[in-house]
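Asker: Quick one, what's the 3D model for this:
(one chain, ligands or ions: 3)
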Amino acid sequence: NLQIARPTGYRVSWHANPAVEPHHFGQSHPMKPWRLTLTKQLVMAYGMHHAMDLYLARAATYEEMADFHERDYLDFLQQIMPGDMDKPEQSDNVVRFNFGDDCPIFDGLYSYCSLYAGGSIDAARKLCNNQSDIAINWSGGLHHAKKAEASGFCYVNDIVLGTLQLLRHHPRVMYIDIDVHHGDGVEQAFWSTDRVLTVSFHKYDKDNFFPGTGAREDTGPAHPLNPGAHHAINVPLNDGIDDESYIALFKEVIGACMKTYQPGAIVLQCGADSLGCDRLGCFNLNVRAHGACVAYTKTFGLPMLVVGGGGYTPRNVSRAWAHETSILLEADRIIDPTIPDTVAFRNHFGPDYSLFPPLSEMRKLDNKNTRAYLESLVEAVHEQLRYIKG
Ligand code: ZLS
Ligand code: CA
Ligand code: ZN
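Answerer: Numbering: from 1, shown residues only. Ligands and ions are numbered 1, 2, ... in the order given. The predicted model follows:
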């Protein structure tokens, strides 16, 4: 095990509660909370836990979650039990709050939600109190949850709750989302304010890819007097985007947004379903490219709330998030790209034990994003940003 020197004057905090990890969405459901166990095991095998402040996340209280969510939705979430799904007296609420195959009712659901939400709230508060510069909650990032609706494996929107904490101290917060899905819940929550600039990169196909929102033209409320006008940035992509184009696009878009908007803090959602070989995703990114977006975001030196999100091939999710933890610690150059060959890892990372397997070569999807298309996206973002110069 490698000991990593604590960087001077630069604090990274890790917010997690191991009680999140054993929750089970059900047979064949793609969301697997045990990917967090695997992530933690990798991080610890590299000794990275020695270089961070470790906090046991509390469960968010009902009142804290009511900062965003409607009370009748939280009441339902709190009292519903696995068997209730098919009970006629619950069916109205099951439908109204969108529970079902994507968002099942499983054992300990409320505790699962309040724990991952507590992690993001705690993390944001550490940033506000100036007790941390970069606060990580890999169990968070559940960007589809609405104020009174579960959606796309997400029940409570920890990102919105964390961002609301940051807004107590920062006039402007920038939200960046590299999950392969559109960050619709976060976009919707801050649709009518100019105090959050939301930026999501995602696969977009209105009819065939979830959630079907996030077109380039959706930039905020239509009325120019609404403060939220132009404060939603969408970067809709096609299948198979590769490392080089994604990194270049990310830097151009985020660089321009930072220059114009000048936020006081950043919330970064690191959904790992944008990696190649993801069970649900369709991009061609390698772990290093995903990490390069995190590294670039860090160069601005702002307080950062870093959360997880999607990611459905657990061995690659844990590779990406362990690598990204090392980037945030500025330890990526000194960790060994060969994963420590311990018994615990043999099932997941063998036979190569590489932190950076060639994901793009394994299930090669054609890159359906032409250079001209990507250039048009960058140009459109520049045009949009002209409206928010001031
Ligand atoms: O961004 O595409 C859909 C919606 C459906 C198709 C699937 N059926 C079950 C419901 C109706 C139109 N849902 C997506 C949601 C993706 C959420 C991504 C979350 C995030 O990464 C942030 C955490 C979807 N894609 C794939 C599935 N659902 C899915 C695949 C396999 C299964 C098993 C369990 C459940 C039913 C069979 C399921 C869902
Ligand atoms: Ca996204
Ligand atoms: Zn996703």
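Asker: For Ala292, give me its contacts.
Answerer: Going by C-beta atoms under 8 Å, 6 or more residues apart in numbering, Ala292 touches Asp243, Ile247, Phe250. For glycine as for every other residue, the C-beta is placed from the backbone atoms N, C-alpha and C.
Asker: go with 10 Å
Answerer: Each residue near Ala292 by C-beta atoms under 10 Å, 6 or more residues apart in numbering is listed here: Asp243, Tyr246, Ile247, Phe250, Lys251, Leu285, Asn286, Ile327.
Asker: most neighbours, which of those?
Answerer: Highest neighbour count within those: Leu285, with 29 neighbours (other C-beta atoms under 10 Å).
Asker: Confidence-wise, which helix or strand of the protein is lowest on average?
Answerer: When each helix and strand of the chain is scored by mean pLDDT, DSSP states H and E, helix 359-362 comes last, with a mean of 77.
Asker: does the most centrally placed residue in the chain have beta-bridge partners, and which?
Answerer: For the chain, the residue nearest the mean C-alpha position is Gln269 (2.7 Å; C-alpha atoms, centre = their mean). Judged by DSSP bridges, the bridge partners of Gln269 are Asp177, Val307.
Asker: ok, it touching Trp138?
Answerer: No - contact criterion C-beta atoms under 10 Å: Gln269 and Trp138 do not qualify, at 11.0 Å.
Asker: Next, count neighbours for whichever residue of the chain sits closest to ligand 3.
Answerer: Nearest residue of the chain to ligand 3: Gly310, at 2.6 Å (C-beta to the ion). Per other C-beta under 10 Å, the neighbour tally for Gly310 reads 29.
Asker: Let me see the backbone angles for the residue of the stretch 1-150 of the chain found nearest ligand 2.
Answerer: Going by C-beta to the ion, ligand 2 is nearest to His143 of the stretch 1-150 of the chain, at 7.4 Å. Phi and psi for His143, reported as degrees, to the nearest 10, are phi -80, psi -10.
Asker: which ones are touching it?
Answerer: 151-152, 154, 157-160, 175, 177, 179, 181-187, 189, 198, 200, 211, 269, 271, 307, 309-310.
Asker: Buried ones in stretch 278-288, by neighbour count?
Answerer: Asp278, Leu280, Gly281, Cys282, Phe283, Asn284, Leu285, Asn286, Val287, Arg288 (16 or more other C-beta atoms under 10 Å).
Asker: which pair in these spans the largest distance?
Answerer: Pairwise distances across these (C-beta to C-beta) peak at 21.2 Å, for the pair Leu280 and Arg288.
Asker: Compute the distance between the residue nearest to Ser139 when sequence neighbours are not counted and Val156, please.
Answerer: In space, Ser139 comes closest to Tyr116 once its chain neighbours are excluded; the distance is 4.2 Å by C-beta to C-beta, 6 or more residues apart in numbering. According to C-beta to C-beta, to the nearest Å, Tyr116 stands 7 Å off from Val156.
Asker: quick revisit: okay, the contacts of Ala292 in JSON lines with pLDDT next?
Answerer: Converted to JSON lines, the contacts of Ala292 look like this (pLDDT from 0 to 100):
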{"residue": "Asp243", "pLDDT": "97"}
{"residue": "Tyr246", "pLDDT": "98"}
{"residue": "Ile247", "pLDDT": "99"}
{"residue": "Phe250", "pLDDT": "99"}
{"residue": "Lys251", "pLDDT": "99"}
{"residue": "Leu285", "pLDDT": "98"}
{"residue": "Asn286", "pLDDT": "98"}
{"residue": "Ile327", "pLDDT": "98"}
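Asker: Any residue of stretch 119-128 touching ligand 1?
Answerer: No - Stretch 119-128 lies out of reach of ligand 1 by C-beta under 6 Å from any ligand atom, never closer than 13.5 Å.
Asker: What segments of the chain are strands?
Answerer: Counting by DSSP state E, the chain has strands at residues 12-16, 53-56, 134-137, 173-177, 196-203, 232-237, 265-269, 304-307.
Asker: where does Gly183 land on pLDDT?
Answerer: At Gly183, the pLDDT value in this model is 99.
Asker: Please save the CA atoms from stretch 344-362 in PDB.
Answerer: The C-alpha trace of stretch 344-362 is given here as PDB (Å, rounded to 0.1, in the frame of the first residue of the first chain):
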ATOM      1  CA  ALA A 344     -11.100  -9.400  -3.000                       C
ATOM      2  CA  PHE A 345     -10.500  -8.000  -6.500                       C
ATOM      3  CA  ARG A 346      -9.800 -11.200  -8.400                       C
ATOM      4  CA  ASN A 347     -13.400 -11.600  -9.600                       C
ATOM      5  CA  HIS A 348     -13.800  -8.100 -10.900                       C
ATOM      6  CA  PHE A 349     -10.600  -6.800 -12.400                       C
ATOM      7  CA  GLY A 350      -8.800  -9.900 -13.700                       C
ATOM      8  CA  PRO A 351      -7.200 -11.100 -15.800                       C
ATOM      9  CA  ASP A 352      -5.400  -7.800 -16.700                       C
ATOM     10  CA  TYR A 353      -5.900  -5.900 -13.400                       C
ATOM     11  CA  SER A 354      -5.600  -2.600 -15.300                       C
ATOM     12  CA  LEU A 355      -7.200   0.500 -14.000                       C
ATOM     13  CA  PHE A 356      -7.400   1.600 -17.600                       C
ATOM     14  CA  PRO A 357      -8.600  -1.300 -19.700                       C
ATOM     15  CA  PRO A 358      -9.200  -0.500 -23.400                       C
ATOM     16  CA  LEU A 359     -13.000   0.100 -23.200                       C
ATOM     17  CA  SER A 360     -13.300   1.700 -26.500                       C
ATOM     18  CA  GLU A 361     -11.800  -1.200 -28.400                       C
ATOM     19  CA  MET A 362     -13.900  -3.800 -26.700                       C
END
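Asker: State the pLDDT value of the residue nearest to Ser326 when sequence neighbours are not counted.
Answerer: Among residues not flanking Ser326 along the chain, Asp332 sits closest, at 4.3 Å (C-beta to C-beta, 6+ apart). Among the per-residue scores, Asp332 shows a pLDDT of 96.
Asker: ok, now which ones touch Asp332?
Answerer: Applying C-beta under 10 Å, 6+ apart, we find Asp332 in contact with Arg288, Gly291, Val294, Ala295, His323, Glu324, Thr325, Ser326, Leu355.
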